[in-house]
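> Give me a model of this one.
(3 chains)
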Amino acid sequence: MDRALALDGDRVRAVAWHPEHGRSGQVEEFSIAALPARLAEEPADTRWVWADAAELYPRLLRAGTRVSQAVDLRLTHQILRRARAASRSPMATAADSAWDAPPLPLDDPGAGETLFETAPAGSLDLAEIIAEHERQQHTLATLPDPHRGKLRLLCHAESIGGLIAQELNHAGVPFSAAHHDRQLRELLGDPGPWGGRPSRMEALCQQVRAALNSPQLNPDSPVELIRALRRAGLQVTSTRQWELEQLDHPAIAPLLEYKKLARLHSANGWTWLDTWVRDGRFRSDWVAGGVVTGRWASRGGGALQLPRQIRSAVRAEPGWSLVVADAAQLEPRVLAAMAADEAMAQACRGADLYQGLVDAGVIETRQQAKIAVLAAMYGSTSGEAGALLPRLARAYPRAMGVVESAARAGERGEQVTTWLGRTSPVPGQWWQDAQAGAQQPDSGREEERRARQAGRDWGRFTRNFVVQGTAAEWALCWLGDLRRRLSTIRDDEGAAPELVYFLHDEVMVHSPAGCADEVAEAVRAAARRAGELLFGRFPIEFALGVAVVDSYEKAK
DNA sequence: GCAGAGGGCGCC
DNA sequence: AAAAGGCGCCCTCTGC
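The predicted model follows:
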């Protein structure tokens, strides 16, 4: 049984909704404060339906209440809306005019194509929630097989992801501010007295100024820096690390060191620590489905870019462990499975796919295998990568066929879909303009070049979209199934493990030390389940690295 | 004084 | 030497 919830000020309205009979029962109304108790009365298999997990779930979590499942209408809408619009998507074959009915209440009038391009819409009332849910369920129910099953799985997993994002926000990553502070002082020196440069950075800055004979130089300004370097006789076109590394000059070593520290200072220095770390937890705002490909995003704190340099400050609490797991070479494995490429799947058997390619005699060295595989998924064609691609194409024509045809579709401006049915956006106006420009009677070589370039660029995007997006689907299923398994694990004292971090193909669980091994096994079991959910009996292995550690730095 | 663009770099 | 997908965030600089 579904039960829809709507928030209206500090009141909650709820009504039961049966998937086959439509709405049923009386509308109840109660205060927001009574919601946790009301949820606790409901059978555990109730599927809640709400506009958006971010609206209600944080309050429930603060009140100590968790829900096992809840349809997130916003996330589901996002998937279905774009799928419906795509000409070659599974949705296109569904005879469903209901989905064409615009504008849906979740849409902000005048907004761009995706809901995420706009500020969060206001909350929906109960009638709107029921109507939206009915439309979504109807759309899903009328799809032909196998799209129905796949898209249902995707929407379900996405909604669970919406819950998990809020649960991660609530939990936070265990983080030792004292340890981080010690590390900052070691690397950067003492913090500047009035927000100035820390002492080691200041010393390096002076060295650079002296070596370049530019006493006023601000090394944070690329314009000033290029000017000063040129004055010193160095022909530079940018201040990028790789370009500076090529130069032979006494200013370069301290400059590179300075830039490294400046990055640490601005991105994860004391200001960051004060802003994002509180009570021993680093808290960001996770955004499930925040990226077009289905990957997650984060708002604030740079949760998805936590530098390796500072990961030693991520520490389990005393008596607890971190169970850190990452999926090895997830994207090429996903590609092998979605292409049903048995030869490539054979090379995936083992912890190291790249070595698998070497052992299969496809490519000579592991390094070359890595370059070739990344090139296949990202669409690079030049240099060493380009030269290696024909080897892959000969050995694994099915897998290469999948990414090649996705690229060709993108070059034509068409949309592509992931394995479960997430659809890529249409190229923007700039792309249409470039194509139209080359069609004009007076268009010249420059216009044609631009159109071809835009086509190739979009082809690289769609090529990567199918792989990155399907990998995100695998990871979402992995995460969702792991969450279910964790809910039954406790140590001898009744303490429960909790998910605290998710990074595309990597998860972290903060677990009582006494059940950490059980958690590690759950992580492995969830990965196997994710593979089955997506690819059924197709024999593809998703190798995991799993570590039980006290600090994140020891995980890899 | 603020918004947005671009450079640069961290993560996958 | 630069290349090849997806991001977020900080800094500087520009333009209003």
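> what about the helices in the stretch 151-300 of chain A?
A:177-188, A:199-212, A:222-231, A:241-245, A:252-268, A:270-276 (DSSP state H, counting those that start in this stretch).
> okay, how far is it across stretch A:547-556, tip to tip?
From its first residue to its last, stretch A:547-556 covers 8 Å (CA to CA, to the nearest Å).
> Tell me who's in contact with A:Glu404.
With contact set as CB atoms under 8 Å, 6 or more residues apart in numbering, A:Glu404 has these partners: A:Arg463. C-beta here means a position set from N, CA and C on the backbone, and glycine is covered the same way.
> for the stretch 301-450 of chain A, what are the low-confidence residue spans?
Within the stretch 301-450 of chain A, not a single segment meets pLDDT under 70.
> Buried ones in the helix or strand where A:Leu357 lies, by neighbour count?
Element membership for A:Leu357, per DSSP states H and E: helix A:353-359. Judged by neighbour count (16 or more other CB atoms under 10 Å), helix A:353-359 contains these buried residues: A:Leu353, A:Tyr354, A:Gly356, A:Leu357, A:Val358.
> just to revisit the earlier point, export the helices of the stretch 151-300 of chain A as TSV, with columns for mean neighbour count and mean pLDDT.
TSV is the format used below for those (neighbours: other CB atoms under 10 Å; pLDDT from 0 to 100):
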stretch	mean neighbour count	mean pLDDT
helix A:177-188	16	95
helix A:199-212	18	95
helix A:222-231	16	92
helix A:241-245	12	91
helix A:252-268	18	94
helix A:270-276	15	93
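> Mind putting these into a markdown table with distance to A:Met508?
Shown next, in a markdown table, are the helices of the stretch 151-300 of chain A (distance: least, CB to CB, whole Å):
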| stretch | distance to A:Met508 |
| --- | --- |
| helix A:177-188 | 17 |
| helix A:199-212 | 31 |
| helix A:222-231 | 36 |
| helix A:241-245 | 29 |
| helix A:252-268 | 18 |
| helix A:270-276 | 17 |
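> Out of the ones you listed, which gets nearest to DNA strand C?
helix A:252-268 (3.2 Å; CB to the nearest atom of the strand).
> Just want the angle from the closest one to helix A:222-231.
If you take axes from the mean of the first three to the mean of the last three CA atoms, to 10 degrees, helix A:252-268 sits at 170 degrees to helix A:222-231.
> for the residue of chain A most remote from its centre, what are its contacts?
For chain A, the largest distance from the centre (CA atoms, centre = their mean) belongs to A:Asn213, which lies 45.3 Å off. Counting by CB under 8 Å, 6+ apart, A:Asn213 touches A:Arg231, A:Ala232.
> re the thing from before, kindly indicate which of the buried residues of helix A:353-359 lies nearest A:Ile310.
Among the buried residues of helix A:353-359, A:Tyr354 lies closest to A:Ile310 (CB to CB), at 28.1 Å.
> was I right about the closest one contacting A:Gln329?
Yes - with contact defined as CB atoms under 8 Å, A:Tyr354 reaches A:Gln329; the gap is 7.1 Å.
> biggest helix in chain A, by residue count?
The helix that spans the most residues within chain A, counting by DSSP state H, is helix A:445-486.
> following it, which helix or strand shows up next?
strand A:498-502.
> Relative to the whole chain's centre, how far out is that next one?
Put simply, strand A:498-502 sits 14 Å off its chain's centre (CA atoms, centre = their mean, to the nearest Å).
> so what strands line up beside that strand?
When pairing is defined by DSSP bridges, strand A:498-502 lines up against strand A:506-512 (antiparallel).
> Could you confirm whether any residue of the partner strand contacts DNA strand C?
No - in terms of CB under 7 Å from any atom of the strand, no part of strand A:506-512 sits within range of DNA strand C; the closest distance is 11.9 Å.
> State the mean pLDDT of that strand.
Mean per-residue pLDDT for strand A:506-512: 97.
> Quick one: check it for contact with DNA strand B.
Yes - Strand A:506-512 reaches DNA strand B (CB under 7 Å from any atom of the strand) through A:Glu506.
> right, and A:Ser321 touches A:Ala516 too?
Yes - A:Ser321 is within contact range of A:Ala516, at 4.1 Å (criterion: CB under 8 Å).
> quick one: common contacting residues for those two?
Counting by CB under 8 Å, 6+ apart, the contacts common to A:Ser321 and A:Ala516 are A:Val548.
> For the longest strand along chain A, buried residues please.
Looking across chain A with DSSP state E, the single longest strand is strand A:22-31. Buried positions in strand A:22-31, judged by neighbour count with 16+ other CB under 10 Å: A:Arg23.
> gap between the helix or strand just after it and the chain center?
Proceeding N to C from strand A:22-31, the next assigned helix or strand is helix A:35-41, under DSSP H and E. On the basis of CA atoms, centre = their mean, helix A:35-41 sits 32 Å off its chain's mean C-alpha point.
> Give the other helices and strands that helix A:35-41 contacts.
Here helix A:35-41 touches strand A:11-18, helix A:53-62, going by 3 or more CB pairs under 8 Å, 6 or more residues apart in numbering; DSSP states H and E.
> Just the buried positions in it, please.
Buried residues in helix A:35-41, counting neighbours by 16+ other CB under 10 Å, are found at A:Leu35, A:Pro36, A:Arg38, A:Leu39.
> Likewise for stretch A:520-540?
The neighbour-count check on stretch A:520-540 (16+ other CB under 10 Å) flags A:520, A:522-523, A:526-527, A:529-531, A:533-535, A:538, A:540 as buried.
> okay, and the common contacts of A:Tyr354 and A:Gln329?
With CB under 8 Å, 6+ apart, A:Tyr354 and A:Gln329 have common neighbours A:Val373.
> Spell out which parts of the stretch 151-300 of chain A neighbour DNA strand B.
Residues of the stretch 151-300 of chain A lying near DNA strand B (CB under 7 Å from any atom of the strand): A:Pro222, A:Ser238, A:Thr239, A:Arg240, A:Gln241, A:Trp242, A:Lys259, A:Lys260, A:Arg263, A:Ala267.
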